[in-house]
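Asks: Okay, sequence plus prediction incoming.
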Amino acid sequence: MCAGILAYHKMGQRLLNYFSDIIPLTQEESAAIAATMHIKLFKKGDILLREGQISVEAYFVLSGCVRQYYLVDGEEKIINFFTENQWVVSIKSFGENLPSNHFLACSEDCELVVGNKEKEEDLYRRFPKLETISRKVMEKVFAEQQEIMGSYFTDSPEQRYLKLLNTRPALFQRLPQYQLASYIGVKPESLSRIRKRLAAK
C-alpha cells in the first residue's frame with residue numbers, strides 16, 4: 001500500500017515539475033495542485049473522447065500514448081500522438097464547450113492526470129498565478145498542433161516520416177505500423193516502401 005502511495009506521489013510530481021519549469025510554484029501552490037490531482041489508469045483501446053461529445057476533461061500523460069484522429073468513411077485518420085509529459089486537450093471543444101470533431105483514444109495502456117474546468121477554476125480563484133501557467137500551457141499545445149497541421153500542407157509523406165523519425169523515434173518501437181502510416185498520411189504498404197527506399201540510400 002505504501003509503495004503504491006509513493007509511486008502515485010512520484011508520478012504526480014512530474015506534473016508539478018512541468019508547471020514549475022514554466023513559472024516557479026510556492027509550496028502552497030504545489031500542495032493545492034497535488035490535493036486536486038486525479039491520476040487514472042486507462043487500457044489500450046479506451047476512448048477518452050468521441051466525435052460529437054463535448055470535452056469536459058484535459059489529460060496530462062504520465063505514461064503511455066494517446067492518439068487523436070478523425071473517422072473518415074470508417075477509417076482512422078490520425079493527426080497526433082501524445083506521450084509522456086504532453087497535454088491531451090481538445091482545444092476547441094474543451095475551451096468553447098462545442099462538440100468535438102475528432103476522437104481521442106489510448107494506443108497503449110496509459111496513466112493520465114485527469115483535470116476538469118471546475119477544478120481549474122477553483123484553483124484560479126485561490127491562486128491567480130496558476131491561470132497564467134494554464135494560458136502558457138494552452139499556447140504551447142496550440143502551437144504544437146498548428147505546426148503538425150501545417151506539415152500536412154507543406155510536407156510530403158516521406159518528409160513527415162523523416163520528421164517523426166528524427167523527433168520521436170521511440171514511437172516506431174511502440175506503435176503498430178498502420179497507426180504510424182495513418183499519421184504520415186499513407187497506407188501501411190506505402191510506409192514500407194518509404195522505409196525501403198530510404199534504407200537503400
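Replies: It's in.
Asks: Now do the SS call for Leu48.
Replies: Judged by DSSP: H, G, I helix; E, B strand; the rest coil, the three-state class of Leu48 is strand.
Asks: distance of Leu48 from Lys119?
Replies: For Leu48, the distance to Lys119 equals 17 Å [C-beta to C-beta, to the nearest Å]. C-beta: built from backbone N, CA, C; applies to glycine.
Asks: Ser156 now?
Replies: In terms of C-beta to C-beta, Ser156 sits 43 Å off from Lys119.
Asks: which of these two has more neighbours?
Replies: Lys119 (17 against 13; other C-beta atoms under 10 Å).
Asks: mind listing what Glu51 touches?
Replies: Tyr70, Leu71, Pro99, Ser100, Asn101, His102, Phe103 (C-beta atoms under 8 Å, 6 or more residues apart in numbering).
Asks: which phi and psi does the second one have?
Replies: Just to be clear, that refers to Leu71. Torsion angles at Leu71 (phi, psi; degrees, to the nearest 10) stand at phi -110, psi 110.
Asks: which one among the contacts of Glu51 gets closest to Ala35?
Replies: Nearest to Ala35 among these is Ser100, at 29.3 Å by C-beta to C-beta.
Asks: what separates Trp87 from Val72, distance-wise?
Replies: For Trp87, the distance to Val72 - C-beta to C-beta - is 25 Å.
Asks: Give me the more crowded residue out of the two.
Replies: Trp87 (19 against 8).
Asks: Bridged to the more buried one, which residues?
Replies: Phe60 (DSSP bridges).
Asks: Contacts only, for it.
Replies: Ala58, Tyr59, Phe60, Val61, Val137, Val141.
Asks: Low-confidence ranges, the chain, go.
Replies: 1-10 (pLDDT under 70).
Asks: 50 instead, please
Replies: For the chain, the stretches with pLDDT under 50 are 1-8.
Asks: so where do the helices sit in it?
Replies: 2-22, 27-36, 91-96, 117-126, 129-154, 157-167, 171-174, 177-184, 188-200 (DSSP state H).
Asks: burial of the closest residue to Thr83 other than its chain neighbours, as a residue count?
Replies: If the residues on either side of it in the chain are set aside, Thr83 comes closest to Cys65, at 5.0 Å by C-beta to C-beta, 6 or more residues apart in numbering. Neighbours of Cys65 under the rule other C-beta under 10 Å: 22.
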